[in-house]
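Chemist: turn this into a structure:
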Amino acid sequence: MGLGAVPVWGAPAPNPAGGTGWLRGAGNGAQGGSCLGGPAGSGGQGMGHGAVPLQSGELEQEKYELRRRLESEVAEWETRGAELEGDLAALRAQLGHQRLEQQDTSRESSQVAQELSEQNQRLAEQLSQASQLEQRLQDELMALRVENRTLGMSSAEHAARTQSLQAENLMLQERKQELERQTRQLREEMEAVQGLVETLHENLLLLRREVHEKELQLRAEAEELRVSNRWLQRRVTEMADEIRLHDSDASIASLQLEIEQSGEGSPEQNGGPAKVSRRALGGSEHPCLGWGMFPSLKPARVFCWET
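Modeler: Here you go, the predicted model:
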């Protein structure tokens, strides 16, 4: 196999008909000259072409490593974004749960406060009734004293009645003190419940503030992830352009090397000296040159023999 079988990235396939080049022009070769778009098919001029496949293989390996590294980084950033979105959803769920708990606590506190208020009202009514009873008993005691003086009761009976009334009065005073103690206890419990409600409200405000700060932080991190993603996409585009540029440079170097090797014997075979001119594919006026001949080598240059 000659130089026409050298595997160059993006190069056209060799001409199966053989000859001095890979492809021939659409017109007559004797009238327009032979156009060389690739290496000659001769197998005796193979010196120095082993470095081209090696360089192409290294470029392929480097391109593969770069693609794999970029895919790994993109996947890592996407995973990080998914984790942050999961954290944001968990915080939102936690905030909803805290709100429900706070509503339940508020309802329970309101119910307890209402019960304490009703109990306090009942105790106040009982205290009022006890005061009225005490006043009534005192009135009765006074009436009994008047009656005792009026009826001229004996001192013994009067003393016994007085002791009984005093004992009943003492019992009523103790009852009054007990009711006052219960009233103070209920007031203290109500104050404690109100303090608990205020503490829960402060904790809820603090939690909301923390959740808001965390949400702002997560939004900032998400924005950084989007910026990094756009940067990675631009980087992928730039590296793809660099890879295509490396492939084009490798193809041009291979063509120039093979043209120089195959051009040593071609002028003598045509019967006289030959002149080599370099033309751009886009501006060439030769009938066998143009963008359609080598679409994978744009905007590479080729050499054409002029006889």
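Chemist: and the strand or helix carrying Leu165, what other elements does it pack with?
Modeler: Here Leu165, judged by DSSP states H and E, is contained in helix 155-262. Where contact means 3 or more C-beta pairs under 8 Å, 6 or more residues apart in numbering; DSSP states H and E, helix 155-262 is packed against helix 51-151, strand 301-306. Heads up, the C-betas are built off the backbone N, CA and C, glycines and all.
Chemist: and the gap between the closest residue to Leu88 other than its chain neighbours and Glu76?
Modeler: The shortest distance from Leu88 to any non-neighbouring residue, by C-beta to C-beta, 6 or more residues apart in numbering, is to Leu218 (4.8 Å). Look at Leu218 and Glu76: by C-beta to C-beta, to the nearest Å, they are 18 Å apart.
Chemist: test my guess that Ala113 contacts Ala192.
Modeler: No. Counting by C-beta atoms under 8 Å, Ala192 is not a contact partner of Ala113; they are 11.1 Å apart.
Chemist: out of those two, which sits in the more crowded spot?
Modeler: It is Ala113, of Ala113 and Ala192, that has more neighbours when counted by other C-beta atoms under 10 Å, with 15 against 10.
Chemist: ok, Gln182 - contacts?
Modeler: Residues near Gln182 by C-beta atoms under 8 Å, 6 or more residues apart in numbering: Leu123.
Chemist: what's the spacing between it and Glu125?
Modeler: Going from Gln182 to Glu125 by C-beta to C-beta gives 13 Å.
Chemist: likewise His97?
Modeler: 42 Å.
Chemist: again with Gln135
Modeler: 16 Å.
Chemist: again, but for Glu174
Modeler: For Glu174, the distance to Glu125 equals 19 Å [C-beta to C-beta].
Chemist: thinking again about what came up before, quick one: average pLDDT of the helix holding Leu165?
Modeler: Helix 155-262 shows an average pLDDT of 88 in the prediction.
Chemist: and that helix with helix 51-151, angle?
Modeler: With axes from the mean of the first three to the mean of the last three C-alpha atoms, to 10 degrees defining the directions, helix 155-262 sits at 170 degrees from helix 51-151.
Chemist: pull the CA atoms of stretch 139-147 into PDB?
Modeler: The C-alpha trace of stretch 139-147 is given here as PDB (Å, rounded to 0.1, in the frame of the first residue of the first chain):
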ATOM      1  CA  ASP A 139     -74.800  40.800 109.100                       C
ATOM      2  CA  GLU A 140     -76.300  37.800 110.700                       C
ATOM      3  CA  LEU A 141     -73.700  38.000 113.500                       C
ATOM      4  CA  MET A 142     -74.500  41.600 114.100                       C
ATOM      5  CA  ALA A 143     -78.200  40.700 114.100                       C
ATOM      6  CA  LEU A 144     -77.500  37.900 116.600                       C
ATOM      7  CA  ARG A 145     -75.600  40.200 118.800                       C
ATOM      8  CA  VAL A 146     -78.500  42.600 118.700                       C
ATOM      9  CA  GLU A 147     -80.900  39.800 119.300                       C
END
